[in-house]
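A.B. asks: Give the three-dimensional model of this entry:
(chains A and B)
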Number of protein chains: 2
Amino acid sequence: MQGLAIILSGPSGVGKSTIVRQAGTQLANWCFSVSCTTRAPRPGEVDGQDYHFYTKERFEQEIAASSFLEWAEVHGNYYGTLRLPVQETIQSGGLMILDIDVQGARQIRNAIAGTAIEPSFVTVFVAPPSMTELERRLRGRGTETEESIQKRLKNARTELTALDEYQFCVVNDKLEQAASDFLAIVQAARCRTPLQKANLPLFD
Amino acid sequence: MQGLAIILSGPSGVGKSTIVRQAGTQLANWCFSVSCTTRAPRPGEVDGQDYHFYTKERFEQEIAASSFLEWAEVHGNYYGTLRLPVQETIQSGGLMILDIDVQGARQIRNAIAGTAIEPSFVTVFVAPPSMTELERRLRGRGTETEESIQKRLKNARTELTALDEYQFCVVNDKLEQAASDFLAIVQAARCRTPLQKANLPLFD
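C.D. replies: Below you'll find the model as predicted:
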């Protein structure tokens, strides 16, 4: 059975992980992709769980070896997604969810284009019902400075311009509906013809 | 809200209408497409419900006026699907299900390619779990001659070669699972980015 990899993008504060946690109670055999980074672990962060913490040298070796589906340098630190765990999850019939920004998603789409695992990839953009509502949610957290809120809203507007690059858009208005839409996308993706053909002995 | 049109193909006896009837109990605002034909009504058939019964002259006028999404001549009779009711259903936010053979589905795909309603079309092939099981079901009806069974199985093998032309494949092994897959495909299709963009005021 061929599994799935779901690329999930959307503005900070839109509720991506809340949707996945809610939907995850109805899903078997799924996991989040764990990114690699060269930044230092923060207190409480566990290597291999929150991130794979790499040295700069090791990260650059893996770049040279084309080990990453996508990577980027942000504020002097590297971040990236290894190709192998995604491939292994797909080959074992599992479901891996990749919380990735729009630039990373672009790199992955290019990296998998025309390969055997391409039909296993689903791209989902989680959008707020409106920018007004996104602002309300960011303020509701009570943990953000005004400067941080304004920065996140500006980034959100930029990210929304990439919406057309995604196959699906889940609008997180009501959480129950958004989680249900996410589950439907997963179930429908398993019915894509190339996956069904790989999974079933139709011609006997 | 932009609606959906689902093109459903698959071998005779595979259970297309059973799946739709089962799934239909969970769906609002949906209908089957009613085909046009020049063949004579059979006892009990209602004009506008089982078929739109047209004269040959009227059918040929509609062909000339490009009124059909697809049409064909079979054993001296015309059969076709009008474009307007499908467009109207999509524009009103409804769901129309078109039970169409693989040749008709090809015509429709060509007719809508690049048009505004293309993202509203979903193509689903309903496949038997195996040819052995399809034969068992055809024999189980108890209404088919051996000649008819052999002809249907031959047609089924031909139709299965068109499977790759469909976005989704629902395998009708267990009816409950097939109906659930069909519902997931409908719900996921409503989350396609072009439809969500048309339906929601994301940018305010």
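A.B. asks: Enumerate the residues of chain A near chain B.
C.D. replies: When proximity is defined as Cβ under 8 Å from any Cβ of the partner chain, chain A approaches chain B at A:125, A:127-132, A:160, A:163-164, A:166-171, A:180-181, A:183-185, A:187-194, A:196-197, A:200-204. (Glycine included, C-beta is placed from N, CA and C.)
A.B. asks: Could you identify the buried members of those?
C.D. replies: A:125, A:127-131, A:160, A:163, A:166-171, A:180-181, A:183-185, A:187-194, A:196-197, A:202 (16 or more other Cβ atoms under 10 Å in any protein chain shown).
A.B. asks: In strands, which of these appear?
C.D. replies: A:F125, A:A127, A:F168, A:C169, A:V170, A:V171 (DSSP state E).
A.B. asks: Could you dump those into a markdown table with pLDDT added?
C.D. replies: Formatted as a markdown table, these follow (pLDDT from 0 to 100):
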| residue | pLDDT |
| --- | --- |
| A:F125 | 98 |
| A:A127 | 95 |
| A:F168 | 98 |
| A:C169 | 97 |
| A:V170 | 97 |
| A:V171 | 95 |
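A.B. asks: Show me the strands in chain A, by range?
C.D. replies: Using DSSP E, strands in chain A cover A:4-9, A:30-32, A:36-37, A:52-53, A:68-74, A:77-82, A:95-99, A:121-127, A:168-171.
A.B. asks: what's the average pLDDT for the fourth one?
C.D. replies: Rounded to a whole number, the mean pLDDT of strand A:52-53 is 98.
A.B. asks: That strand: partners in the sheet, and parallel or antiparallel?
C.D. replies: Using DSSP bridges, the strands paired with strand A:52-53 are strand A:36-37 (parallel).
A.B. asks: returning to that earlier point: can you redo the ones in strands among the buried ones among the residues of chain A next to chain B as a markdown table with distance to B:A156?
C.D. replies: Output for those, formatted as a markdown table (distance: Cβ to Cβ, whole Å):
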| residue | distance to B:A156 |
| --- | --- |
| A:F125 | 39 |
| A:A127 | 42 |
| A:F168 | 32 |
| A:C169 | 37 |
| A:V170 | 37 |
| A:V171 | 40 |
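A.B. asks: Could you point out which of the strands of chain A sits nearest A:A113?
C.D. replies: Nearest to A:A113 among the strands of chain A is strand A:121-127 (9.7 Å), distances taken as Cβ to Cβ.
A.B. asks: counting contacts, what elements does the closest one pack onto?
C.D. replies: strand A:4-9, helix A:102-112, strand A:168-171, helix A:175-190 (3 or more Cβ pairs under 8 Å, 6 or more residues apart in numbering or on different chains; DSSP states H and E).
A.B. asks: try it again with 10 Å
C.D. replies: With contacts taken as 3 or more Cβ pairs under 10 Å, 6 or more residues apart in numbering or on different chains; DSSP states H and E, strand A:121-127 sits against strand A:4-9, helix A:16-24, strand A:95-99, helix A:102-112, helix A:146-160, strand A:168-171, helix A:175-190, helix B:193-199.
A.B. asks: average pLDDT for the fourth one?
C.D. replies: Here the mean pLDDT over helix A:102-112 is 96, rounded to a whole number.
A.B. asks: before we move on, what about the fifth one?
C.D. replies: Mean per-residue pLDDT for helix A:146-160: 92.
A.B. asks: so how far is it off the chain centroid?
C.D. replies: What separates the centre of helix A:146-160 from the centre of its chain is 19 Å, taken as Cα atoms, centre = their mean, to the nearest Å.
A.B. asks: could the helices and strands packed on strand A:121-127 be laid out in a markdown table, adding distance to B:S66?
C.D. replies: What follows is the helices and strands packed on strand A:121-127, written out as a markdown table (distance: least, Cβ to Cβ, whole Å):
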| stretch | distance to B:S66 |
| --- | --- |
| strand A:4-9 | 40 |
| helix A:16-24 | 44 |
| strand A:95-99 | 45 |
| helix A:102-112 | 37 |
| helix A:146-160 | 38 |
| strand A:168-171 | 33 |
| helix A:175-190 | 32 |
| helix B:193-199 | 24 |
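A.B. asks: among those, which is nearest B:N155?
C.D. replies: The closest of the helices and strands packed on strand A:121-127 to B:N155 is helix A:175-190. By Cβ to Cβ, the value is 27.5 Å.
A.B. asks: Okay, angle between the closest one and helix A:16-24 too, please.
C.D. replies: Orientation check (axes from the mean of the first three to the mean of the last three Cα atoms, to 10 degrees): helix A:175-190 against helix A:16-24 gives 70 degrees.
A.B. asks: other SSEs contacting helix A:175-190?
C.D. replies: Secondary-structure packing of helix A:175-190 (3+ Cβ pairs under 10 Å, 6+ apart): strand A:4-9, helix A:16-24, strand A:95-99, strand A:121-127, strand A:168-171, helix A:193-199, strand B:168-171, helix B:175-190.
A.B. asks: List the buried residues for stretch A:67-86?
C.D. replies: A:67-71, A:78-83, A:85-86.
A.B. asks: make that stretch A:40-47, sorry
C.D. replies: Residues of stretch A:40-47 classed as buried by neighbour count (16+ other Cβ under 10 Å): none.
A.B. asks: Let's see that stretch as PDB, backbone CA atoms only.
C.D. replies: Extracted in PDB, the C-alpha atoms of stretch A:40-47 (Å, rounded to 0.1, in the frame of the first residue of the first chain):
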ATOM      1  CA  ALA A  40      20.600  25.400  19.400                       C
ATOM      2  CA  PRO A  41      17.900  23.400  21.200                       C
ATOM      3  CA  ARG A  42      15.700  25.500  23.500                       C
ATOM      4  CA  PRO A  43      15.000  24.300  27.000                       C
ATOM      5  CA  GLY A  44      12.800  21.200  26.900                       C
ATOM      6  CA  GLU A  45      13.300  20.500  23.200                       C
ATOM      7  CA  VAL A  46      14.100  16.800  22.500                       C
ATOM      8  CA  ASP A  47      16.500  15.800  19.700                       C
END
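A.B. asks: Check the average confidence over that stretch, would you?
C.D. replies: Averaging the model's pLDDT scores along stretch A:40-47 yields 96.
A.B. asks: That concludes my questions; thank you for your assistance.
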